[in-house]
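Participant: Give me the fold of what follows.
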Amino acid sequence: MKTENQRAWFFVLPVLLLVAFNALVPIMTVVNYSVQETFGNNVFFWQGLDWFEQILRSDRFHAALGRQFLFTFLILIIEIPLGIIVALAMPRKGMWVPVCLVTMALPMLIPWNVVGSMWNIFTLPNIGLLGYFMNDVLGVNYDMTQQPISAWITIVVMDVWHWTSLVVLLSYAGLVSIPDAYYQAAKIDGASPWKVFRYIQLPKMKTVLTIAVLLRFMDSFNIYTEPFVLTGGGPGNSTTLLSIDLVKIALGQFDLGPAAAMSLIYFAITLLVSWLFYTLMTKDDAQ
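Facilitator: As a prediction, this is how the structure comes out:
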């Protein structure tokens with residue numbers, strides 16, 4: 001009987017320990033805070049599930065969660081189709097391929113806080129180039145610091161500019177992996193460009209698009225830095241997403257118990273929706 005070599009686990013062990021330290025330990029700390037109350041000096045009082053009940057019944061939580069879902073919905077319905085369209089328009093061969101790929105990757109190389117600062121300066125109505133162009137040149141009343149709709153448009157456009165490139169690069173990788181024989185067969189059959197996309201390109205991109213949807217959902221649903229730097233959650237609470245509200249409760253109000261409970265609920269919602277996305281998008285493959 002052949003024996004299995006278990007020595008490979010020694011190479012994996014450092015990674016497992018690192019993951020445990022960076023993920024499991026902080027999560028257990030949050031769980032501990034979510035069922036207790038503290039007033040400082042490392043003194044805790046048992047609360048049970050009171051914080052979870054309070055959060056789930058809170059109108060503030062429901063409003064922030066609704067804004068978070070709205071933001072994520074807008075991001076997905078804009079960035080996924082736009083990324084596919086841009087990927088289809090990019091060249092497959094020639095000297096322009098690396099130029100296009102590098103250009104697409106540039107926005108993702110900029111740190112999140114810098115992106116928020118750039119768009120804040122760019123869109124301010126008194127000093128920003130976009131603010132000046134919209135108000136003084138086009139005559140459009142645009143002020144993201146005072147108008148909720150303008151603020152929403154700004155944070156959505158900012159995220160589209162920053163992260164559509166990820167969808168483009170993933171879609172492009174799926175397109176270039178399609179063998180030329182498929183296109184030759186479609187040409188012989190006289191297939192239209194739409195049919196080529198519908199029956200050849202889109203099915204072959206399904207795997208990378210699943211990855212793109214999952215990544216963009218998780219990132220947009222947990223986004224914090226860019227909208228916080230850009231609008232601070234304002235005007236009023238119009239752009240206070242769930243992530244921003246969570247930080248306000250934890251660090252602004254220093255309510256660690258409710259903040260811990262909210263973060264666990266937030267985490268559970270992210271996992272649940274991600275699982276639903278993955279299940280629905282891989283349903284045909286499973287069958």
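
Participant: what about the helices in the stretch 1-150 of the chain?
Facilitator: 9-19, 25-34, 50-56, 59-89, 96-105, 112-123, 129-132, 148-176 (DSSP state H, counting those that start in this stretch).

Participant: Pick the most deeply packed of these.
Facilitator: Sort those by mean neighbour count, taking mean count of other C-beta atoms under 10 Å, and helix 148-176 sits at the top with a mean of 20. C-beta here means a position set from N, CA and C on the backbone, and glycine is covered the same way.

Participant: What lies in contact with the helix or strand just after that one?
Facilitator: Tracing the chain past helix 148-176, the next element assigned as helix or strand by DSSP states H and E is helix 180-188. Contacts made with helix 180-188 from outside it, assessed by C-beta atoms under 8 Å, 6 or more residues apart in numbering, are listed as Lys195, Val196, Tyr199, Ile200, Lys204.

Participant: what distance separates helix 180-188 from the middle of the whole chain?
Facilitator: Centroid separation between helix 180-188 and its chain, computed with C-alpha atoms, centre = their mean, to the nearest Å, is 36 Å.

Participant: Thought Val208 was touching Ala173, still the case?
Facilitator: Yes. Applying C-beta atoms under 8 Å, one finds Ala173 in contact with Val208, separated by 5.9 Å.

Participant: who are the neighbours in contact with Ser220?
Facilitator: Phe71, Thr72, Ile75, Leu76, Asp159, Trp163.

Participant: could you measure the spatially closest residue to the fifth one that is not a sequence neighbour against Met28, distance?
Facilitator: Nearest residue to Asp159, sequence neighbours excluded (C-beta to C-beta, 6 or more residues apart in numbering): Ile75, at 5.7 Å. Ile75 is 32 Å from Met28, where distance means C-beta to C-beta, to the nearest Å.

Participant: do Leu230 as well
Facilitator: Relative to Met28, Leu230 is positioned 34 Å away (C-beta to C-beta).

Participant: How about Arg92?
Facilitator: Arg92 sits 49 Å away from Met28 when distances are taken as C-beta to C-beta.

Participant: likewise Leu124?
Facilitator: Applying C-beta to C-beta to Leu124 and Met28 gives a distance of 43 Å.

Participant: repeat for Ile244
Facilitator: In this view, Ile244 and Met28 are 25 Å apart by C-beta to C-beta.

Participant: Equivalent analysis for Ile153, please.
Facilitator: 41 Å.

Participant: likewise Tyr183?
Facilitator: In this structure, Tyr183 and Met28 are 53 Å apart, going by C-beta to C-beta.

Participant: can you tell me which residues contact Arg92?
Facilitator: Counting by C-beta under 8 Å, 6+ apart, Arg92 touches Leu175, Val176.

Participant: State the pLDDT value of it.
Facilitator: Looking at Arg92, its pLDDT stands at 89.

Participant: Please state the backbone phi and psi of it?
Facilitator: Backbone torsions for Arg92, taken as degrees, to the nearest 10, come to phi -90, psi -30.

Participant: Check the gap between it and Lys195 for me.
Facilitator: 19 Å.

Participant: try Ile269
Facilitator: Distance of Ile269 to Lys195, given as C-beta to C-beta: 39 Å.

Participant: Between those two, which has more neighbouring residues?
Facilitator: It is Ile269, of Ile269 and Lys195, that has more neighbours when counted by other C-beta atoms under 10 Å, with 15 against 12.

Participant: Doesn't that one lie inside a strand?
Facilitator: No. Counting by DSSP: H, G, I helix; E, B strand; the rest coil, Ile269 is not part of a strand but helix.
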